[in-house]
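[1] Sharing a model that was predicted from the sequence below.
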Amino acid sequence: MEKRKIYGAIIGVLAFVICIVGITYAWFTWNSGNTILSGESGCFTIEYTNGTAISGNISPSNDYTGGKSTTATMNIDPSCTTEGEATINLTTNDTTTVELTNGAVKYAVYNGDVLVNEGSVSGSTQALATVDLTKTATTYTVYVWLDGQIADNTYIGKAYSGYISVTAVQTES
């Protein structure tokens, strides 16, 4: 009986110490002002205008206009003095049935009519573009389509399923 009380007391003291350490770490992290997270965190604003999903059956197309798309708008709060950059990522879901190995599934990132980056979807999560953030809200559209020059009949009725995400980090001025 005596051993149980001693073990209980030791476990109680350890739990108390762990709680104090965790609270102290959280307070210092919150207070430091250097922790910048994805999304709307302090100075960075990221909004997904049409949601984050890029999913559905894709048919062969000559260019990006024949595919699926979604948009993200991002900026730095005008009252902030920090600088930053954002990375636009594409994550391919396991439910994708279209073949990704031969480069037939393409992506393009546009800022209005200006091409920022393009390439082939390789699966998993891949960074599509890294852009500098400004105090003016800038909208980027991510397109995913099936390249009609590469795709053959094996792609008919196949679906792509994925989503975009944006991470923002502070850069040194």
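    Looks like it came in fine.
[2] excluding its backbone neighbours, what's nearest Ala104?
    Ile150 (4.1 Å; C-beta to C-beta, 6 or more residues apart in numbering). Every residue, glycine included, has its C-beta placed from N, CA and C.
[3] Just checking: what are the partner strands of the strand ranked longest in the chain?
    The single longest strand within the chain, with elements called by DSSP state E, is strand 159-171. Within its sheet, strand 159-171 is paired with strand 53-57 (antiparallel), strand 83-92 (antiparallel), according to DSSP bridges.
[4] What are the buried residues along the first one?
    Which is strand 53-57. Ile54, Ser55 (16 or more other C-beta atoms under 10 Å).
[5] swap in the longest one?
    By 16+ other C-beta under 10 Å, the buried positions in strand 83-92 come out as Gly84, Ala86, Ile88, Asn89, Leu90, Thr92.
[6] Would you reformat these as TSV and include pLDDT and distance to Gly119?
    Formatted as TSV, these follow (pLDDT from 0 to 100; distance: C-beta to C-beta, whole Å):
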residue	pLDDT	distance to Gly119
Gly84	91	24
Ala86	94	18
Ile88	96	12
Asn89	96	13
Leu90	95	10
Thr92	92	13
